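Q: quick one, structure for this:
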Amino acid sequence: MAKLVSMVPLLKAAERRSQENPGNGSSIGAFNVNFYAQAEGILEGLRRAGAPGIIQASRGANKFQGGASKIQDMVLRAMSSLKMDNYPVCLHLDHGTPETCVDCINSGFSSVMVDMSEEPLERNIAVTAEIVKIAHKKGVSVEGEYGGLGGVEEDVEQQAVYSNPLLVPYFFAETGADALAVTYGTSHGPNKFGPEVNLDHVLRIEVVEKSYRGLVAYGLNEKCFLVGHGSSTIPKDIVAEINANGGKLKDARGVPLEKIIAGRNAGIRKFNIDTDLRLGITAEFRKYLYKDNPDIVKKCEPLRLAKDVFDGKIAAKDKDGKPVDPGKLTDPRSYLDPIDREILRKDYRGTEMEELMTRVKNRVAAHVEMLVTQVFNCAGLADAVKA
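A: Next comes the predicted model:
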């Protein structure tokens with residue numbers, strides 16, 4: 001039976017590789033999941049590269065699939081299907097509230113993030129410390145957030161507030177947290193930066209450098225780890241592919257690969273990737289339904305429903321139930337919403353969705369493999385993880 005591990009041994013392995021290779025750091029990729037083929041794609045990408053990894057489910061993903069326990073079961077089944085029962089994989093709650101953290105701890109997640117970054121620092125610390133007490137009793141790791149990331153993530157929308165590096169060791173010392181998302185200029189979503197934004201001014205790698213140096217100074221760097229949120233790269237070729245098949249995405253711009261590498265070398269040990277996978281999945285759906293196999297909707301009811309959302313026959317809505325222009329859809333939950341969730345949690349093989357879902361799996365796997373190999377520098381690190 002498949003088993004999950006906390007994020008700590010994964011991040012520790014990345015930190016030790018970083019120490020062994022000064023100037024060429026290593027980080028672990030954390031990839032968001034919403035349905036079975038996506039989970040298989042993430043796992044397959046990790047396996048191809050021999051990289052450990054973190055699969056994340058947001059509060060929205062848990063709600064979409066009917067509960068944290070169903071996400072956990074789905075991920076474990078995907079691991080077993082790919083014969084990765086003993087592979088170093090962590091299942092993490094992304095941007096949780098205190099209540100959802102407790103639910104995920106009790107539902108078999110091996111890691112949680114409690115996001116109290118909108119609260120005053122002392123309350124943030126107090127609540128994070130309370131979740132740490134609950135989680136650590138069950139061997140579950142905890143990530144906090146200090147500062148405030150710009151953009152939109154689940155039901156959090158805010159302007160960026162840069163972290164104060166001097167307070168990072170203090171946050172760890174007071175909370176006992178295992179990881180901390182620091183704010184250095186990244187943001188959520190596909191439109192992270194306007195076309196005229198000077199990224200050298202916005203992305204302040206020095207925040208990461210100073211925060212990491214503080215951890216080293218206090219001897220905390222092998223048990224306390226920095227996290228970079230909003231790190232999707234938003235590949236232009238995927239955006240073009242979406243737009244060539246009915247999409248209307250404009251000004252989509254992500255974090256350049258060289259900036260992620262700079263953050264990795266500065267001390268970030270976990271990078272969150274969500275939007276890249278959403279875009280790749282959306283590109284596959286659009287290309288398959290509009291170009292490669294438009295007649296599939298005549299014999300596959302679930303895919304007909306998905307195409308009806310793209311066509312505007314079924315109203316497209318975002319995670320909050322607000323209307324979305326079908327041409328601007330990037331969140332798979334919007335166009336998968338009319339489909340029975342049980343179908344989306346099951347193995348797709350032998351069904352009329354097999355061809356498309358296999359393509360989705362392979363698209364996700366290829367991007368994960370590229371990132372962990374070329375950007376995060378954690379290929380081959382799975383064997384170094386000591387759970």
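Q: quick one: end-to-end distance for stretch 96-115.
A: With Cα to Cα, to the nearest Å as the measure, stretch 96-115 spans 6 Å from end to end.
Q: and that stretch, what's buried?
A: Under the neighbour-count criterion of 16 or more other Cβ atoms under 10 Å, stretch 96-115 has 96-98, 100-105, 107-115 buried. Bear in mind the C-beta positions are built from the backbone N, C-alpha and C, glycine included.
Q: strands of the stretch 101-250 of the chain, start to end?
A: 111-114, 141-146, 151-153, 156-158, 179-182, 225-228 (DSSP state E, counting those that start in this stretch).
Q: can I get the ones you listed in JSON lines with distance to residue 68?
A: Formatted as JSON lines, the strands of the stretch 101-250 of the chain follow (distance: least, Cβ to Cβ, whole Å):
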{"stretch": "strand 111-114", "distance to residue 68": "10"}
{"stretch": "strand 141-146", "distance to residue 68": "16"}
{"stretch": "strand 151-153", "distance to residue 68": "18"}
{"stretch": "strand 156-158", "distance to residue 68": "19"}
{"stretch": "strand 179-182", "distance to residue 68": "19"}
{"stretch": "strand 225-228", "distance to residue 68": "21"}
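Q: and the residue nearest to residue 297 when sequence neighbours are not counted, what's its pLDDT?
A: Distances taken as Cβ to Cβ, 6 or more residues apart in numbering place residue 304 nearest to residue 297, at 3.9 Å, with adjacent residues excluded. Confidence at residue 304, expressed as pLDDT, is 98.
Q: which of the three states applies to residue 304?
A: Secondary structure, DSSP: H, G, I helix; E, B strand; the rest coil: residue 304 is helix.
Q: who's sitting farthest from the centroid in the chain?
A: residue 298 (34.1 Å; Cα atoms, centre = their mean).
Q: measure that residue to residue 328 for me?
A: Distance, residue 298 to residue 328, by Cβ to Cβ, to the nearest Å: 27 Å.
Q: ok, back up a step: number of nearby residues for the nearest residue to the residue farthest from the centre of the chain once chain neighbours are set aside?
A: Distance criterion Cβ to Cβ, 6+ apart; nearest residue to residue 298, sequence neighbours excluded, is residue 304 at 7.7 Å. A count of nearby residues for residue 304, using other Cβ atoms under 10 Å, gives 17.
Q: now the strands of the stretch 101-250 of the chain as a markdown table including mean pLDDT and distance to residue 260?
A: Output for the strands of the stretch 101-250 of the chain, formatted as a markdown table (pLDDT from 0 to 100; distance: least, Cβ to Cβ, whole Å):
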| stretch | mean pLDDT | distance to residue 260 |
| --- | --- | --- |
| strand 111-114 | 98 | 20 |
| strand 141-146 | 96 | 18 |
| strand 151-153 | 44 | 16 |
| strand 156-158 | 43 | 22 |
| strand 179-182 | 96 | 14 |
| strand 225-228 | 96 | 7 |
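Q: nearest to residue 237, of the ones you listed?
A: Evaluated with Cβ to Cβ, the strands of the stretch 101-250 of the chain place strand 151-153 nearest to residue 237, the distance being 22.4 Å.
Q: so which of the strands of the stretch 101-250 of the chain is the most packed in?
A: Of all these, strand 111-114 has the most neighbours on average by mean count of other Cβ atoms under 10 Å, namely a mean of 29.
Q: and stretch 84-93, which residues are buried?
A: Buried-residue list, stretch 84-93, by 16+ other Cβ under 10 Å: 84, 87, 88, 89, 90, 91, 92, 93.
Q: pLDDT (mean, whole number) over that stretch?
A: The predicted model assigns stretch 84-93 a mean pLDDT of 98.
Q: need phi/psi at residue 58.
A: phi -80, psi 170 (degrees, to the nearest 10).
Q: partner residues bridging it?
A: Under DSSP bridges, the beta-bridge partners of residue 58 are residue 94.
Q: okay, it: pLDDT?
A: In this prediction residue 58 is given a pLDDT of 96.
Q: starting at the chain centroid, how far to stretch 205-217?
A: Remark: stretch 205-217 is offset 23 Å from the chain centroid, using Cα atoms, centre = their mean, to the nearest Å.
Q: for it, what is the average pLDDT?
A: Averaged over stretch 205-217, pLDDT sits at 95.
Q: neighbours of residue 320, how many?
A: 9.
Q: SS state for it?
A: Following three-state DSSP, we place residue 320 in the coil state.
Q: what do you get for residue 19?
A: Residue 19 ends up helix, using three-state DSSP.
Q: what of residue 270?
A: Quick answer, by three-state DSSP: residue 270 is strand.
Q: report the beta-bridge partners for the closest residue to it other than its chain neighbours.
A: Excluding the flanking residues, the one nearest residue 270 by Cβ to Cβ, 6+ apart is residue 227, at 4.4 Å. For residue 227, the beta-bridge partners are residue 181, residue 270 (DSSP bridges).
Q: now residue 227: how far from residue 183?
A: Taken as Cβ to Cβ, the span from residue 227 to residue 183 is 10 Å.
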